[in-house]
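S.K.: What follows is a predicted structure for the sequence shown.
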Amino acid sequence: IPLYIIGKGNVNLIKKDGIKYLGFVSEEEKHRYLKSAAALIHPSLNESLGIVLIESFANFSPAVVNKNSNVLFSHIRNSKAGEAFETYEEFENALLKILKNRKDYSQNAYRYYKDFYSSDAFEKRIKKHIIQTP
């Protein structure tokens, strides 16, 4: 499975077969890569929301995240749209599990996005708040 790294990164650290550093790409390209990805790999420890994770879910792409990131792990646990890891062995097993059951993970990913982060979900929450506010 090739690994595509998108965004800011140290290109000098990424000189291995099967790893392609693309740098910044257009929004259209980003969504195309997310849609075709086996999974988003998000190893970050420090996330306040995980926007790229939500974008991944909006594109039916499950994710493998760092178990020590409370925010990312919480999204994975609540959505059932991916797996989390701490060690390389856990990472490998998580990716293999997603590859084996990608359809289910993908459906869970999109459902979570649609229910909690889509513009329709946002509009419903706003309307509910406005109606409940005296």
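M.R.: Structure's in. What do you need?
S.K.: So the most centrally placed residue in the chain: helix, strand or coil?
M.R.: With distances taken as CA atoms, centre = their mean, residue 53 lies nearest the centre of the chain, 2.9 Å away. Three-state call for residue 53 (DSSP: H, G, I helix; E, B strand; the rest coil): helix.
S.K.: In this structure it contacts residue 43, no?
M.R.: No - if you go by CB atoms under 8 Å, residue 53 and residue 43 don't touch, sitting 11.8 Å apart. Backbone N, C-alpha and C define where each C-beta goes, glycine included.
S.K.: so what sits against both of the two?
M.R.: The contact sets of residue 53 and residue 43 overlap at residue 65 (CB atoms under 8 Å, 6 or more residues apart in numbering).
S.K.: if I pick the residue nearest to the centre of the chain, what's in contact with it?
M.R.: By CB under 8 Å, 6+ apart, the residues touching residue 53 are 40, 42, 47, 63, 65, 72, 75.
S.K.: which one of those is nearest residue 111?
M.R.: Comparing those against residue 111 with CB to CB picks out residue 75 as the nearest, at 12.8 Å.
S.K.: Low-confidence stretches in this protein?
M.R.: For the chain, residues meeting the criterion pLDDT under 70 lie at 9-15, 132-134.
S.K.: how about the helices in it?
M.R.: Ranges of helices in the chain, per DSSP state H, are 27-36, 51-58, 70-79, 88-100, 102-116, 119-132.
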